Each structure stands twice: as structure tokens, then as C-alpha cells.
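S.K.: Take this sequence and fold it.
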Amino acid sequence: MAKWGEGDPRWIVEERADATNVNNWHWTERDATTWSSDKLKSLLLGLSVENDEGRCEVTEVSKVEGEASINNRKGKLIFFYEWNLKATWTGESKAGVKYTGTIDVPNLSDENDMEDLDISVSLNKDEPETPLTNLMKTKGADTIREVLGSYVGFLKTEFTQGMILPTANGVSKSTSQSKATVDNTRISSSSSTAAPVNTGVKIPTCKFSMREKFLTCPADLYRVFLNQEMTQAFTHAPATVDGEKGGKFRLLEGNVFGEFTELVPDEKIVMKWRYNNWPCEHYATISMSFYDRSSETELKVECRGVPDEEEERTREGWQRYYFEAIKQTFGYGARLY
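M.R.: Numbers count the residues shown, from 1 in each chain. You can find the predicted model right below:
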């Protein structure tokens, strides 16, 4: 079965093997369209930028048309994707006036470099002129370009987990993940055409706890984890944070995401939490307890369900990207232990 047109030199044959295939090579294809559509929506929805004029946010992703697939040809993964995207942005000026406009991305494709991506931003015709349009055309477009670039990274790491690459001697090996993200998490499957795991994976896990003191009150520290602007400040990157029970979060350029499952104001936060390259649908449970110690707050972080091989990286990640970053950003003290 030819893909992408008979005249396209990139065509790949699906599931083909014959008697002349002495090295046991296989050509397989995995459809990534549904996964990609969901991923693109999650990356764009809630994306926000702001300046002295006001704040803008992507409030709806109205069109995600296209397709994506991964071809495994002679032990090499080849990625194809082509998307036409349309979204709605809503802006609010410092004076409280609201505006609405559209975003069009017609050429998100493996054939185009990210810097060549067309991102068209416009204000709805019935809206009065506003400086927020320029905010979206500049800072907004740059942020959109950044998150769409992260989609390509996720396609090459998160979606390919468990794919098996046939080698020249017929021995299979698991796909390796990009070193541009974080350390590899390996899972195996019994077939090169196995579907992505969507119901969780049984893997060895561990539990551990950490304690840290911050020179602030529990209420202020609690708010840092639930406020989108404060999260963007200490991570120094775009983030999506819905600080309510059942609310989702995504930060550190999509490398960390999850959901808040329990909130006790100023006392406790419980969340489902994961790195993007953990086995699909596997989350750790992170419980944070805030204790008032007179002039400072003691934070106890209990982690359960962390993959065994990820314990050290998870500890170091929390120490560096949460504890140290929060202290340095908000001046909550530099005492680390």
C-alpha cells in the first residue's frame, strides 16, 4: 500500500516482507493521527502571553485537520505529519476590555522547518483595533511556534515508546528516545505493530519523600503551585496551570504534566504527576503538605508510583526545578539541604 501519493519518493510500504528479505527487514507503519490531534489541542489550549497592554490566551482550538504516521523502514523510524490548524484567542486589556481573534497555521509539516512555519494572527472584523493584536503577532506567534516544535519532539519520543526496531541480524531492539528531553524510559512490546499502550503499564515503582523549608508563609507557597503566572515565573517558560481540583497542568516545555486531584487550601496538594517520557498513562502520585514553622514553611513532598529507574532523576528534578527555582525567583530563602 503506497503512502503519500505514487509520485512521492518518500512512499513507504506497509507491513511488507518477502522471501528475498534475507536480513529479516520489515516495513511497518503506525498511525499517529488521533494521538497527534489530541496532543496538538492540549499544547495550544490555554497558551497565554502578556505585556503592559494586557493578556491574551488561546481559548479554543476549532480545527485540527491532517494526519501523522511513523514508518519503520529497515530499523529506521521515519516521521510524517501534515496539519492545518485554526484556533481562537481572547485578549483582555488592562482596562478590562475584551477582544477576540483567530490564529491560522496552515503548514505544520515534516517538509517545513519550524522557522518557516506560517502563523497568521488576526483580530475579528467586528472588534476595535487593539495593541493586543500585535502582542499575539509577536510574542504569541513565537510561543505558538515553540509549543508546535515540542509536538514534534513528543511525536518522536512519547508516541514511539514500545515500538520495536528490527535489526540486520533479526534481533529486535526498543526505540531509543531523544537525549534532548530527559533520560530514557524503556518498555518493550511483543510485536513491531503493537498499538500504543493507553491503559497503563505494569512497571516496578518506588516511593520516597523530601522535605524543604521556605522563608514564607504556607498560603504564599501553596499559591505558587496553583497560579499559572507564578509557575511560568519560576520555570522561566510557558506553562498551563488550572489550579482547581481536577484541573490540569503542563510545564517545563511539556516535559512535566498532570492533574490536581485533592486541594486543601494552604495545607495540602495532591496530584497525578509524570514526565512526558514515562510509559503512556503512568502517573506518580505526589502529595505536598505545608507546615507553618513560625517564620518559615516546611514542605513535605511524598512521591508514590515513581518508576524505579526514575527515582534519582525525579528527586533531582524536584530539587532543581521546583525547590531551588522557587527560592531564587520569589526570594523564599537559599538554605538547601
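
S.K.: Pull out the CA atoms of stretch 105-116 and give them to me as CSV.
M.R.: Provided in CSV are the C-alpha atoms of stretch 105-116 (Å, rounded to 0.1, in the frame of the first residue of the first chain):
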residue,chain,number,x,y,z
VAL,A,105,-1.4,27.6,11.0
PRO,A,106,-1.8,26.1,7.5
ASN,A,107,1.5,24.3,7.0
LEU,A,108,2.7,22.4,10.1
SER,A,109,4.5,19.6,8.2
ASP,A,110,7.6,17.4,8.2
GLU,A,111,8.6,19.2,5.0
ASN,A,112,8.9,22.6,6.7
ASP,A,113,11.4,23.8,9.3
MET,A,114,9.8,25.4,12.4
GLU,A,115,11.2,28.8,11.4
ASP,A,116,9.3,28.6,8.1
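
S.K.: In it, which of the residues would be classed as buried?
M.R.: Buried residues in stretch 105-116, counted by 16 or more other C-beta atoms under 10 Å: 105, 108-109. C-betas here are computed from N, CA, C, even on glycine.

S.K.: what is the mean pLDDT for it?
M.R.: Stretch 105-116 carries an average pLDDT of 86.

S.K.: hang on, the earlier thing: any chance of the buried residues of stretch 105-116 in CSV, plus secondary structure and distance to Arg315?
M.R.: Shown next, in CSV, are these (DSSP: H, G, I helix; E, B strand; the rest coil; distance: C-beta to C-beta, whole Å):
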residue, secondary structure, distance to Arg315
Val105, strand, 38
Leu108, strand, 36
Ser109, strand, 40
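
S.K.: Return the closest of the residues you listed with respect to Pro128.
M.R.: The nearest member of the buried residues of stretch 105-116 to Pro128, counting by C-beta to C-beta, is Val105 at 25.5 Å.

S.K.: any idea how far the closest one is from Glu253?
M.R.: Distance, Val105 to Glu253, using C-beta to C-beta, to the nearest Å: 19 Å.

S.K.: Phe260 now?
M.R.: Distance, Phe260 to Glu253, using C-beta to C-beta: 20 Å.

S.K.: what's the closest non-adjacent residue to Lys300?
M.R.: Closest residue to Lys300 apart from its sequence neighbours, by C-beta to C-beta, 6 or more residues apart in numbering: Ser289 at 4.6 Å.

S.K.: Strand partners (parallel or antiparallel) of the one helix or strand that neighbour maps to?
M.R.: Secondary structure assignment for Ser289, by DSSP states H and E: strand 284-293. Here strand 284-293 is paired, per DSSP bridges, with strand 268-275 (antiparallel), strand 296-307 (antiparallel).

S.K.: Mean confidence (pLDDT) on the strand or helix carrying Leu263, please.
M.R.: Secondary-structure assignment from DSSP H and E places Leu263 in strand 256-264. Across strand 256-264, pLDDT averages out at 94.

S.K.: Please apply the same query to stretch 289-304.
M.R.: Averaging pLDDT along stretch 289-304 yields 94.

S.K.: what's the spacing between the strand holding Leu263 and its chain's center?
M.R.: 15 Å (C-alpha atoms, centre = their mean, to the nearest Å).

S.K.: who touches that strand?
M.R.: Contacts with strand 256-264, where a contact means C-beta atoms under 8 Å, 6 or more residues apart in numbering, come from 226, 242-251, 268-276, 283, 285-286, 317, 321.

S.K.: Drop anything exposed from these.
M.R.: By 16+ other C-beta under 10 Å, these give 226, 243, 247-251, 269-276, 283, 285-286, 317, 321 as buried.

S.K.: So Thr329: helix, strand or coil?
M.R.: Under DSSP: H, G, I helix; E, B strand; the rest coil, Thr329 falls in the helix class.

S.K.: Let's verify the nearest residue in space to it that is not next to it in sequence: helix, strand, or coil?
M.R.: Distances taken as C-beta to C-beta, 6+ apart place Phe234 nearest to Thr329, at 4.2 Å, with adjacent residues excluded. Secondary structure state of Phe234, per three-state DSSP, is helix.

S.K.: correct me, but Phe234 touches Phe330?
M.R.: Yes. Counting by C-beta atoms under 8 Å, Phe234 touches Phe330, with 7.1 Å between them.

S.K.: just checking, what packs against whichever strand or helix holds Ile326?
M.R.: According to DSSP H and E, Ile326 maps onto helix 325-330. If contacts are counted by 3 or more C-beta pairs under 8 Å, 6 or more residues apart in numbering; DSSP states H and E, helix 325-330 sits against helix 218-226, helix 228-235.
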